[in-house]
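> got a predicted structure here, sequence first:
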Amino acid sequence: MKRLLVALSLATIPLYGCHNGNLDSSINEEENWKAQEIVVLKADESTVVKRLSQEVEIVHFIGSLQLDQWKVATLPKGLTLLGTFSFNQEETVKFGHDGLSSKENHRCDLLYYEDSRYVTLKVIGFQIHFEIPPHDARELQSYFTDK
C-alpha cells in the first residue's frame, strides 16, 4: 500500500504545479500554474491520439480516476498494450534564466492494456502494475476511441 501511495504521489503531484494555496484568486492561480501536458499515445508510440494541456482537462483526467481503489497486482499473461498516457511538465524557470527556452520534462507514463482492468505506472525507473476499477478502465479506454 505504501508503494502505491508513493508512486501515485510522484506521478500526480507534478501535474498540479505550484499553487500558493489561494485558489479563489484567478490571477494568482494563473501565475502559478505550470504548463503541463498529458499526451495520449497509441501502442506504437508514434500516433498521438490526444493532448491534454488545459488545466481543466488535466484536473478532470486525474479527478475522474478512483486512485484510492487501485490495487498493486501482477499483470495477467496475454494482455495487449492499447496505449500510453505520457505525463510532462514544463521546466521550472530558475534564477538567472530568461525562461524563453523552457522545455517539457517527462515525468512518468501510465500504460493501459486493451479491454482490461490493468495499468502499469512507469516512474523514475520503476514499474508498478495495478488492477483498476471498471469505471477507471472505461475512462482510460475512452481516450483511445473515436468520439
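That came through, no problem. Numbering: from 1, shown residues only.

> beyond the helix or strand where Glu57 lies, next helix or strand please.
Following DSSP states H and E, one finds Glu57 within helix 55-63. Downstream of helix 55-63, the next assigned helix or strand under DSSP H and E is strand 71-72.

> what is that following strand packed up against?
Strand 71-72 is packed against helix 2-12, strand 126-131, with contacts defined by 3 or more C-beta pairs under 8 Å, 6 or more residues apart in numbering; DSSP states H and E. For glycine as for every other residue, the C-beta is placed from the backbone atoms N, C-alpha and C.

> pull out the buried positions in the shortest one.
Meaning strand 126-131. Neighbour-count burial for strand 126-131 flags Ile128, His129, Phe130, Glu131 (criterion: 16 or more other C-beta atoms under 10 Å).

> partner strands of it, with direction?
strand 71-72 (antiparallel), strand 118-123 (antiparallel) (DSSP bridges).

> what mean pLDDT does that strand get?
Strand 126-131 shows a mean pLDDT of 96.

> mind saving the C-alpha coords of the helix or strand just after it as CSV?
Later in the chain than strand 126-131, the nearest helix or strand by DSSP H and E is helix 134-142. Extracted C-alpha coordinates of helix 134-142, given in CSV (Å, rounded to 0.1, in the frame of the first residue of the first chain):
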residue,chain,number,x,y,z
PRO,A,134,-14.1,-0.9,-14.0
HIS,A,135,-15.0,2.8,-14.1
ASP,A,136,-11.4,3.7,-14.5
ALA,A,137,-10.8,1.1,-17.2
ARG,A,138,-13.8,2.6,-19.2
GLU,A,139,-12.5,6.1,-18.6
LEU,A,140,-8.9,5.3,-19.8
GLN,A,141,-10.2,3.3,-22.8
SER,A,142,-12.4,6.2,-23.8
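
> helices or strands up against helix 134-142?
Counting contacts by 3+ C-beta pairs under 8 Å, 6+ apart, helix 134-142 packs against strand 104-113.
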